[in-house]
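A.B. asks: Provide a 3D model corresponding to the input given below.
(one chain, ligands or ions: 1)
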Amino acid sequence: MEAIIEVKNLKKVYKKRKTKESLIAVDDISFSVNRGEILGLLGPNGAGKSTMIKMICGLLIPDDGSIIVNGINTQKKRLDALRHISAVLEGNRNLYWRLSVKENLEYFAGNRGLSSKDIAEQIEGLLTKFNLKDKENELVNRLSRGMQQKLAIAVAMLADSEIILLDEPTLGLDIETSYEVRELLKSIAKGYNRTIIISSHDMDVIQAICNRTIVINYGKVVANDNVENLLRLFEVRSYKIQLGDHLTDRQYKMLVEKFPGLEYIPDSIQSTIEVDLNHSKEIYDLFDVLKLEHIPVETIDRQTVNFEEIFMKIVKGEKEYAMVYPS
Ligand SMILES: Nc1ncnc2c1ncn2[C@@H]1O[C@H](COP(=O)(O)OP(=O)(O)OP(=O)(O)O)[C@@H](O)[C@H]1O
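C.D. replies: This next block holds a predicted model:
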């Protein structure tokens, strides 16, 4: 598949003005994005997602590395490269706050030199799709955050660029609006054939929309794979085993030594072991140990691990993760 964005060995260091301390926000990150792909940048607060997005859309200059957009190096031919990108950043800086919803859409559509009939049609389509028709004459600064966010995305759609960057598109939205924005993004992703990069720390958003996810922590890529693979990788190997007896201290220590990360939850009626195993065959090794120690096993559940738990495990470095995509 053809890469539309290639990020190579990207680095950004912030220097604190007062203390002159340096902070490496993006630390030697490389990845590529294929045409038509919806890529999620997932990471906890401060991981470096916004910095990454701002460098791709030309708002920040990298300290090292390169970004190639459609074959054009953004550092060498900035404007040529940026023509292919629309970005919706935090604070919706792509909107005019003293213009109405419709005026914003008209202004940005007007920039593209379309006929007025085409512009009117496109704007009507977007107002309906984004459920903003009854607010078309409202000034942007009077809209709710959710409506501003929807308008900001609609404006990005109007620009007709092949690449759309969205920084935390559902941040601070109530559950209902967040769901609406998520569904909108899903339909845009399917129906408009754009390449989209979404930064978020909302696992639901990433899981619902993205083909592939790059997990960033402390400025470094810690996983790069599709959501299904990440889920599968963990799903088959997480077990919850109910025991018909309690473990002695010796047995507990021995099990933890053999199966690092094993958790023992003693209870007055039934005790439970929870364990993530690196190879599915290890479950038989565990059964052998329990049998030798005469610890009865009552039930075994293969756990369904949700994406949030996986994310936390990756970020905490509990799971080594082999990168599937070469950087
Ligand atoms: N202008 C700046 N000056 C100094 N440090 C900064 C600046 N912008 C970001 N940082 C720091 O760089 C690191 C990465 O920040 P960034 O905003 O890229 O992370 P993020 O993953 O987008 O997190 P969040 O979801 O909280 O926005 C953080 O430690 C942040 O405090």
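A.B. asks: Now for residue 45: which residues touch it?
C.D. replies: Going by C-beta atoms under 8 Å, 6 or more residues apart in numbering, residue 45 touches residue 201. The C-beta positions use only the backbone N, C-alpha and C, and glycine is treated the same way.
A.B. asks: That one falls within a helix, correct?
C.D. replies: No - per DSSP: H, G, I helix; E, B strand; the rest coil, residue 45 lies outside any helix segment and is coil.
A.B. asks: And the pLDDT at it?
C.D. replies: As predicted, residue 45 sits at a pLDDT of 80.
A.B. asks: do residue 78 as well
C.D. replies: Confidence at residue 78, expressed as pLDDT, is 86.
A.B. asks: How about the contacts made by it?
C.D. replies: Counting by C-beta under 8 Å, 6+ apart, residue 78 has contacts residue 58.
A.B. asks: again, but for the one 10 residues further on
C.D. replies: For residue 88, the set of contacting residues under the criterion of C-beta under 8 Å, 6+ apart consists of 94, 149, 152, 153, 155, 156, 164, 165, 166, 167, 169.
A.B. asks: In contact with residue 2, which residues?
C.D. replies: So residue 2 contacts 34, 35 (C-beta under 8 Å, 6+ apart).
A.B. asks: roughly how far apart are it and residue 67?
C.D. replies: Per C-beta to C-beta, to the nearest Å, residue 2 is found 16 Å from residue 67.
A.B. asks: how deep is residue 219 tucked in, by neighbour count?
C.D. replies: 23 (other C-beta atoms under 10 Å).
A.B. asks: so what's the residue lying closest to it once chain neighbours are set aside bridging to?
C.D. replies: Ranked by C-beta to C-beta, 6 or more residues apart in numbering and with sequence neighbours excluded, the top spatial neighbour of residue 219 is residue 27, at 3.7 Å. For residue 27, the beta-bridge partners under DSSP bridges are residue 11.
A.B. asks: How about residue 88?
C.D. replies: Beta-bridge pairing for residue 88 (DSSP bridges): residue 166.
A.B. asks: Find the least confident helix or strand in this structure, judged by mean pLDDT.
C.D. replies: helix 227-235 (a mean of 65; mean pLDDT, DSSP states H and E).
A.B. asks: Okay, now the unreliable bits of the stretch 101-250 of the chain?
C.D. replies: 111-112, 230-237 (pLDDT under 70).
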